[in-house]
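Enquirer: What shape does this take:
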Amino acid sequence: MKHKKKIAIIIAAVLLLAAVVFGGELLYSKLNPNFEYIISYDGATITRYKCYDDDVVIPGKIGGLPVTRVDEDAFTLCYKLHGSISITLPDSVYDVGDLFERGFFNAIYISDKNRHFSSEDGVFFNKDKTKLIRCPTTKEGEYVIPDTVKSIGWGAFHDCESLTGITVPDTITGDEFPSFSGCSSLTSVNMPIGVTSICFSGCSSLTEIIIPDSVTTLYDYTFSGCGITSIDIPDSVTSIGSEGTFEGCRSLTDIKLPDIVTEIGWHMFWGCESLKSVDIPDSVTKIEEEAFEKCSSLTEITIPESVTSIGERAFSECLSLTTVTIPDSIKSIRGETFAKCTALTDITIPDSVTKIGGYAFWGCQSLTDIKLPDGITKIGDLTFGCCESLESVYIPGSVTAIGERAFSECPNLKEVYFLGDAPTELKKDAFSDTHPDFKIYYLKDKSGWKTPKWKGYKTVPLDNFDDLRTQ
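Expert: This next block holds a predicted model:
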């Protein structure tokens, strides 16, 4: 029996030694039941906190070894304590990874003897306070960054929803300026001369901002969700993100883009419901999908000749848009481009356009008549569906295909004038639910037509092109 007991002790000792040398898997401390940890060559790493309390003191030692690391996922399961945890780190810890990026902490305290980190007013710094690493997400009111700070972590103020003002020292220059994404109560922040990049997405209380001449880049979503009413972009800016730069800026009324902009990116102005006018510079060659979607106050837009491509839903649900001029450089109008532009009364489609996609003008309730360009070959599904005021349409001879329900639910549509042969493809319900006296007019010398009906629709033959123009 004694012999077996000795063997068991030896085996346990060997296993413990292996854990120390090679890194044991998930050892539980009897002295600190709140933590899970593993052993490595230089000490213990806290891998999990059991979420018992919101006042957390990381022990200096655990299992008889110094605590040197706190895993960045150690508090992942503490979702009920999110934003309320106060944490104190011992002098032995030198690595916390991205622990403080997760938003669990309202205060961070560091032992004065720690050689790697420090804290002040619950804010996390490196030892000599030259770098601000993380401000707790629950920090309230105005915060003055110490003059010792020369750099700030990009996400140091991320989601600090209760901060109302931040004073940044002049020591911060170049790309060391942090992101203030998610600082929804922020009303003021100064930007020192020399800053080259900025980010204020989600700063819904920020109504005014002056971009320094030193800024060279506006990244994706830089101002998305901001409360700004107007903004001047300096000539120093040489790059603007391709996605959502001003997305959801509901109070933005006007903006002038610099000449360096070559494309209006995806969602760049999506949901800017107060935006009334935009000057699109001649440098722009592309307007991406949903670029101006839901800009419900936009009344008119002039697209320069430099633009060769307009994405799907680029102007959909621009409820106040009355006039659009499309340049000759555009070859196709894609799906839903102007869908639900309920105030649209006048649109000029150039002869360069050969295709109009499905739903392109669906729900344009104020559109009364439209002349399609001579080069167009196909009208997509529901292209002009639900255009309640549409009374007449001229369809050129180049059209060979009309999509399903292309002109359906246009209750005032009485007359469609075809300038050429009957389309070889007419899909289901192309002219359904139109005016009770709906008729198709065609030229007698064109082929494929039948009288008194073609494809179930009443037809009227005309003698010549002049007669057609005077109907």
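Enquirer: burial count for T47?
Expert: Using other CB atoms under 10 Å, T47 has 17 other residues around it. In short, each C-beta sits where N, CA and C put it, glycine included.
Enquirer: list the contacts for it?
Expert: L26, E36, Y37, I38, D71, D73, A74 (CB atoms under 8 Å, 6 or more residues apart in numbering).
Enquirer: Buried ones from these, can you make that a PyMOL selection?
Expert: Filtering the contacts of T47 down to the buried ones (16 or more other CB atoms under 10 Å) takes a single PyMOL command:
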select buried, resi 36+37+38+71+74
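Enquirer: in stretch 445-460, what's buried?
Expert: Across stretch 445-460, burial judged by 16+ other CB under 10 Å covers W449, W454, Y457, T459.
Enquirer: closest to D279 among these?
Expert: Distances from D279 to the buried residues of stretch 445-460, taken as CB to CB, are shortest for Y457 (44.9 Å).
Enquirer: quick revisit: make JSON lines out of the contacts of T47 and add distance to L252 and secondary structure.
Expert: Formatted as JSON lines, these follow (distance: CB to CB, whole Å; DSSP: H, G, I helix; E, B strand; the rest coil):
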{"residue": "L26", "distance to L252": "52", "secondary structure": "coil"}
{"residue": "E36", "distance to L252": "49", "secondary structure": "strand"}
{"residue": "Y37", "distance to L252": "50", "secondary structure": "strand"}
{"residue": "I38", "distance to L252": "51", "secondary structure": "strand"}
{"residue": "D71", "distance to L252": "42", "secondary structure": "coil"}
{"residue": "D73", "distance to L252": "38", "secondary structure": "coil"}
{"residue": "A74", "distance to L252": "41", "secondary structure": "coil"}
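Enquirer: Output the below-cut-off pLDDT ranges for the stretch 101-250 of the chain.
Expert: Scanning the stretch 101-250 of the chain for pLDDT under 70 picks out the ranges 174, 176.
Enquirer: And L298, what's its pLDDT?
Expert: Note for L298: predicted pLDDT of 94.
Enquirer: Hmm, it is touching L321, no?
Expert: Yes. The pair formed by L298 and L321 meets the contact definition of CB atoms under 8 Å, at 5.4 Å.
Enquirer: If E300 is in a bridge, with which residues?
Expert: T323 (DSSP bridges).
Enquirer: State the distance from it to V324.
Expert: Going from E300 to V324 by CB to CB, to the nearest Å gives 7 Å.
Enquirer: quick one: which of those two has more around it?
Expert: Between E300 and V324, V324 has the larger neighbour count (other CB under 10 Å), namely 19 against 15.
Enquirer: Spatially nearest residue to that one, not counting backbone neighbours?
Expert: Of all residues not flanking V324 in the chain, I347 sits nearest, at 4.8 Å (CB to CB, 6 or more residues apart in numbering).
Enquirer: Is the one you found located within a strand, as I assumed?
Expert: Yes. Counting by DSSP: H, G, I helix; E, B strand; the rest coil, I347 is part of a strand.
Enquirer: now the helices for the protein?
Expert: Taking DSSP state H as the criterion, the chain contains helices spanning 2-22, 465-470.
Enquirer: among the ones you listed, which gets the worst mean confidence?
Expert: helix 2-22 (a mean of 44).
Enquirer: give me phi/psi at the closest residue to D98 other than its chain neighbours?
Expert: Spatial nearest neighbour of D98, chain neighbours left out: E72 (4.5 Å); criterion: CB to CB, 6+ apart. E72 adopts backbone torsions of phi -70, psi -20, taken as degrees, to the nearest 10.
Enquirer: quick one, what contacts E72?
Expert: Here E72 is in contact with V96, G97, D98, L99, E101, R102 (CB under 8 Å, 6+ apart).
Enquirer: Of these, which count as buried by neighbour count?
Expert: V96, L99, E101, R102.
Enquirer: Could you measure from F35 over to T400?
Expert: F35 is 73 Å from T400, by CB to CB.
Enquirer: Could you double-check that E247 lies in contact with E273?
Expert: No. Using CB under 8 Å, E247 makes no contact with E273, being 11.6 Å away.
Enquirer: quick one, which of those two is more surrounded?
Expert: The neighbour comparison of E247 against E273 (other CB under 10 Å) goes to E247, with 26 against 18.
Enquirer: count of neighbours near the residue nearest to the more buried one when sequence neighbours are not counted?
Expert: In space, and not counting its chain neighbours, E247 is closest to S224: 4.0 Å by CB to CB, 6+ apart. S224: 24 surrounding residues under other CB under 10 Å.
Enquirer: Contact partners for S224?
Expert: Shown in contact with S224 (CB under 8 Å, 6+ apart): S201, G202, G244, T245, F246, E247, G248, C249.
Enquirer: Isn't L206 up against C226?
Expert: Yes. Judged on CB under 8 Å, L206 makes contact with C226 at a distance of 5.4 Å.
Enquirer: Name the residues contacting each of the two.
Expert: Here L206 and C226 have F200 as joint contacts, going by CB under 8 Å, 6+ apart.
Enquirer: Would you mind telling me which of those two has more residues around it?
Expert: Of the pair L206 and C226, C226 is the one with more neighbours under other CB under 10 Å, namely 26 against 21.
Enquirer: Kindly provide the distance from the more buried one to D213.
Expert: Going from C226 to D213 by CB to CB gives 20 Å.
Enquirer: Would you map out the domains in this protein?
Expert: For the chain, automatic domain parsing gives the domain ranges 2-81+92-98, 253-348, 354-471.
Enquirer: Present those domains as CSV; the columns should include distance to S118.
Expert: Compiled in CSV, the domains of the chain are given as follows (distance: least, CB to CB, whole Å):
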stretch, distance to S118
domain 2-81+92-98, 12
domain 253-348, 41
domain 354-471, 59
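Enquirer: so how far is T262 from the most centrally placed residue in the chain?
Expert: In the chain, the centroid-proximal residue (CA atoms, centre = their mean) is G244; its distance is 4.2 Å. From G244 across to T262, the span is 17 Å (CB to CB).
Enquirer: list the contacts for the residue nearest to K458 when sequence neighbours are not counted?
Expert: Excluding its sequence neighbours, the residue lying closest to K458 (CB to CB, 6+ apart) is K439, at 4.8 Å. Contact analysis of K439 by CB under 8 Å, 6+ apart lists K414, E415, V416, Y457, K458, T459, V460.
Enquirer: picking that back up, and the buried ones among the contacts of E72 as TSV, adding distance to R334?
Expert: Converted to TSV, the buried ones among the contacts of E72 look like this (distance: CB to CB, whole Å):
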residue	distance to R334
V96	49
L99	46
E101	39
R102	41
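Enquirer: Can you name the two of those that sit furthest apart?
Expert: Across these, the longest distance by CB to CB is 10.9 Å; it joins V96 and R102.
Enquirer: Contact partners for the nearest residue to L419 once chain neighbours are set aside?
Expert: Among residues not flanking L419 along the chain, G397 sits closest, at 4.6 Å (CB to CB, 6+ apart). Counting by CB under 8 Å, 6+ apart, G397 touches D374, F418, L419, G420, D421, K446.
Enquirer: Just the endpoints, please. Distance across stretch 263-279?
Expert: One end of stretch 263-279 sits 13 Å from the other (CA to CA, to the nearest Å).
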